[in-house]
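In: task: produce atomic coordinates for the following.
(chains A, B, C and D)
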Protein chains: 2
Amino acid sequence: MVNRITIKEIARKADVSIGTVDRVLHNRGRVAEATRDKVLKIAKEGNYSSNVMARHLKLNKTYRISVILPEENNYWLMLKEGIEEGCAEFAQMGFTAGYCFVSNDGSQAMQLNQILDSDADGFIIAPSAFHQQTDLLCKLREKGKPYVFVDSNIIDAGQLTFIGQDSYRSGVLGASLLHDKYLSDYEIYITTFSESDIKEQIIKNRIEGFRSYFDENEIKHANIHEVNLEKDQITADDFLNVLLKHENPVHLFIPNSKTYKLAEQLIQFKETNRLRVVGYDLLQSNLRLLNCGAIDYLIHQKPKMQGYLGMQSLYKNIVLKTDVPLHQFMPLDIINKENVMYCQ
Amino acid sequence: MVNRITIKEIARKADVSIGTVDRVLHNRGRVAEATRDKVLKIAKEGNYSSNVMARHLKLNKTYRISVILPEENNYWLMLKEGIEEGCAEFAQMGFTAGYCFVSNDGSQAMQLNQILDSDADGFIIAPSAFHQQTDLLCKLREKGKPYVFVDSNIIDAGQLTFIGQDSYRSGVLGASLLHDKYLSDYEIYITTFSESDIKEQIIKNRIEGFRSYFDENEIKHANIHEVNLEKDQITADDFLNVLLKHENPVHLFIPNSKTYKLAEQLIQFKETNRLRVVGYDLLQSNLRLLNCGAIDYLIHQKPKMQGYLGMQSLYKNIVLKTDVPLHQFMPLDIINKENVMYCQ
DNA sequence: TCGCAAAGTGTTAACGTACACGCAAAATAT
DNA sequence: ATATTTTGCGTGTACGTTAACACTTTGCGA
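Out: I've put the predicted structure just below:
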């Protein structure tokens, strides 16, 4: 990389002007075949790659990135933080970001259309912001502008890259954290809340992964139950009573960020000293439960890192013009009370 | 950041030439007090910051980073990988790295002196490469070139930043992974190998943190032993026999990367189904044990990330001239069989 | 033969910064 | 008085790239 050949030097070696070299390298036409070949040969031998600094300085362009996220809650704000970190890093290259938190109140189609029609140079999109209206994405495909999916993925939707967790494997991980080989008999509750929870693909994958752990390791002494509070018409307090009836240890797997909805019940049940809980996402309300011992582990989706990588991927694509892998899987971070303070 | 004011524009507004603005901004002197004030005022109002691209293009400088690591093993090679990743990212800015793996055979002082005398523009140093000869570092301090410590730290040694784990807290984390609230009685062995192991500050901290977990949580039903195989003159096989004598579950904490030294014994003891092991570092040989179930958790020091951040810190300091925090603590990553495939 | 288009190539001015150089005016020395 | 230094400021060039523009040389129809 260092001491790279410049167009000026190529021009000197090929005994032509830099204008000609430029026309060859940019396929701007009107160059004699022989000259073209000579220039390309020298460029290749000298391992030419254009100087990004100089190109940017000359073009003096700015790049607007539009970010589309579902709602302005803690989780998505962490993702936004990461985007802003990336934005600050690439600000020298003229990167700026504009944010849109799409509500789910009927006006989303209008909102989305407006953003998609804007003349942004790239997009960072959480597909769940589209609330089933992912057909709108074809607009982007036509534009030819790069767009990145974060958090959840849509297969073959023309995205530059997907950045997020492998939700199936995160379910497997959750199971490994709840399984206890020393116990002869214990209860496991896969707990969800609203009916829409179990319609989400991510949640389905996590539960499937979770169950596969016990199946594939042929673990028989864990009694796995699945509860959806809304569907089963059971309140949080009733659920607590169900749990209290067991004399076995009770382990809870909550495959989304909503563990905090059981806050009071978990704190109460914790007194029995036969509770273990694995949830998702480092929301403020979950962290409180983690620190008081009502949650044992949280699986961290690293939203901030997702945001940062989203921005970085667009930078690599737009400015450096280098390839970006189609899938960028986040690490499956295990967070407990003892490592939460250093978690990023 | 975008649409920042340029020296040209400052010059126009202050009705002076860009040369004068340049002299003011770089304190190159010979400017009338009044002019100086006017320029500074306009620069401040316009929130001026120099265009890094243009400056680099003009200066056309390259930066050589010298990397000093202890030995060419798996762990340090992962750190090197991270450095190279950073190097590639900043190659456009003229960054290159040269590596030196310092042996511990008496010639290290000579080797170290040679590197420290080189005219590198920055250093990434694993202090343990100095094998007690850290006084050599004063050479660097005099040079005024930035140097970064990775893996382990030396307090107040003039470093730009330290990048690594909080070893005390990682010990606490290890304890939390080994503690089992359901067990009424179990054995814990803090296991080290050579006598030099327990002389290392990092190891001492980890053990101290580990013990503090049981002290502060007032856990009485764990019987904590501490074994150093060399000091206690006991072979790995003898140690296995000691463990086999227990009828309780046996939990092992190995506060450095050497878990693999007990490979055969752990695989054998695993059959009893009353073993749990927490070790450190994702060496190839440890990963094998993790995947076959002989190690439950490895605490990951993220050497690759350390290397990357080391390079990034030097970039920020040298090129961007921004501040870098004195401590950059790595996350305390918990790795088990189920999340190792996505770990970075 | 002239005119004119097309093909092939060179020149040049930016982008924002750094710094050497030069020049006038003022201040000081001789 | 003249000579010399110091102070204060402007000019010009270069870094590597891009792209508009201009110039020469063909080829070809009128």
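In: any residues touching stretch A:48-55, and which ones?
Out: Contacts with stretch A:48-55, where a contact means C-beta atoms under 8 Å, 6 or more residues apart in numbering or on different chains, come from A:1, A:4-7, A:10, A:25, A:319-320, B:53-54, B:56-57, B:92-93. Heads up, the C-betas are built off the backbone N, CA and C, glycines and all.
In: so A:Ile68, which state does it fall into?
Out: strand (DSSP: H, G, I helix; E, B strand; the rest coil).
In: contacts only, for the residue of the stretch 201-344 of chain A found nearest DNA strand D.
Out: Proximity of the stretch 201-344 of chain A to DNA strand D (C-beta to the nearest atom of the strand) peaks at A:Lys321, 9.7 Å away. Residues near A:Lys321 by C-beta under 8 Å, 6+ apart: none.
In: model confidence for it, exactly?
Out: Confidence at A:Lys321, expressed as pLDDT, is 91.
In: same check on A:Met1?
Out: 53.
In: quick check: the residue of the stretch 201-344 of chain A closest to DNA strand D vs A:Ser313, distance?
Out: 13 Å (C-beta to C-beta, to the nearest Å).
In: A:Val340 too?
Out: 28 Å.
In: could you do A:Leu57 as well?
Out: From A:Leu57 to A:Ser313 the distance is 23 Å (C-beta to C-beta).
In: compare these two (neighbour count), which wins?
Out: Between A:Leu57 and A:Ser313, A:Ser313 has the larger neighbour count (other C-beta atoms under 10 Å in any protein chain shown), namely 24 against 15.
In: domains of chain A?
Out: Under automatic domain parsing, the residue ranges defining each domain of chain A are A:7-50, A:61-165+A:303-331, A:167-300.
In: and of these, who's closest to B:Glu230?
Out: Nearest of the domains of chain A to B:Glu230, taken as C-beta to C-beta: domain A:167-300 at 32.0 Å.
In: and the average pLDDT for that closest one is what?
Out: On average, domain A:167-300 scores 96.
In: what about that domain, near chain B?
Out: Yes - Domain A:167-300 is in contact with chain B by C-beta under 8 Å from any C-beta of the partner chain, via A:169, A:172-173, A:175-176, A:180-183, A:213, A:249, A:273-274.
In: and those, which two are the farthest apart?
Out: A:Arg169 and A:Asn273 (30.7 Å).
In: need the residues of chain A near DNA strand D, please.
Out: Residues of chain A found near DNA strand D, taking C-beta under 7 Å from any atom of the strand as the criterion, are A:6-8, A:18-19, A:22, A:25-26, A:48, A:50-51, A:54-55, A:57-59.
In: give the burial count for the residue of chain A found nearest DNA strand C, as a bare number.
Out: Closest to DNA strand C within chain A is A:Gly19: 2.7 Å, counting by C-beta to the nearest atom of the strand. A:Gly19: 12 surrounding residues under other C-beta under 10 Å.
In: check the one 4 residues further on too.
Out: By the measure other C-beta under 10 Å, the count of residues near A:Arg23 is 18.
In: who touches it in this structure?
Out: A:Gly29, A:Arg30, A:Val31.
In: so the last one touches A:Asp22, yeah?
Out: It refers to A:Val31. No - if you go by C-beta atoms under 8 Å, A:Val31 and A:Asp22 don't touch, sitting 9.9 Å apart.
In: the strands in chain A, which residues?
Out: Ranges of strands within chain A are A:63-69, A:95-101, A:122-125, A:147-150, A:161-164, A:186-192, A:222-228, A:250-253, A:275-280, A:297-300, A:327-329, A:333-335, based on DSSP state E.
In: among the residues of chain A next to DNA strand D, which are in helices?
Out: Per DSSP state H, helices hold the following members of the residues of chain A next to DNA strand D: A:Ile7, A:Lys8, A:Ile18, A:Gly19, A:Asp22, A:Leu25, A:Ala54, A:Arg55, A:Leu57, A:Lys58, A:Leu59.
In: ok, and the closest non-adjacent residue to the fifth one?
Out: Taking C-beta to C-beta, 6 or more residues apart in numbering or on different chains, and ignoring the residues beside it in sequence, A:Asp22 has A:Ile7 as its nearest neighbour in space, at 6.2 Å.
In: correct me, but the one you found touches A:Thr20?
Out: No - taking C-beta under 8 Å as the definition, A:Ile7 is not a contact partner of A:Thr20, at 9.6 Å.
In: hmm, back to that, quick one, which of A:Val31 and A:Asp22 is more surrounded?
Out: Counting neighbours by other C-beta under 10 Å for A:Val31 and for A:Asp22 shows that A:Val31 has the greater number, 18 against 15.
In: contact partners for the more buried one?
Out: A:Thr20, A:Arg23, A:Val24, A:Val39.
In: sorry, back to before: so which of the contacts of A:Arg23 comes closest to chain B?
Out: Set against chain B, the nearest of the contacts of A:Arg23 by C-beta to the nearest C-beta is A:Val31 (26.9 Å).
In: run through the residues of the stretch 1-150 of chain A sitting next to DNA strand C.
Out: So the stretch 1-150 of chain A meets DNA strand C at A:15-20, A:23, A:30-35, A:54, A:57-58, A:60 (C-beta under 7 Å from any atom of the strand).
In: pLDDT below threshold where in the stretch 1-150 of chain A?
Out: A:1-2 (pLDDT under 70).
In: try it again at 80.
Out: In the predicted model of the stretch 1-150 of chain A, residues A:1-3, A:29, A:104-109, A:117, A:131-134 satisfy pLDDT under 80.
In: give me every residue in it lying close to chain B.
Out: Residues of the stretch 1-150 of chain A lying close to chain B (C-beta under 8 Å from any C-beta) are A:1-3, A:51-54, A:56-57, A:62, A:88, A:91-94, A:96.
In: biggest separation within these, which pair?
Out: Going by C-beta to C-beta, the pair spanning those furthest: A:Asn3 and A:Thr96, at 33.5 Å.
In: among these two, which residue is more densely surrounded?
Out: Higher neighbour count among A:Asn3 and A:Thr96: A:Thr96, with 16 against 10, using other C-beta under 10 Å.
In: neighbours of the residue nearest to A:Leu240 when sequence neighbours are not counted, how many?
Out: Nearest residue to A:Leu240, sequence neighbours excluded (C-beta to C-beta, 6+ apart): A:Gln265, at 4.1 Å. Neighbours of A:Gln265 under the rule other C-beta under 10 Å: 20.
In: report how many residues lie close to A:Glu9.
Out: By the criterion of other C-beta under 10 Å, A:Glu9 has 16 neighbours.
In: ok, and the closest non-adjacent residue to it?
Out: Nearest non-adjacent residue to A:Glu9 (C-beta to C-beta, 6+ apart): A:Gly46, at 7.1 Å.
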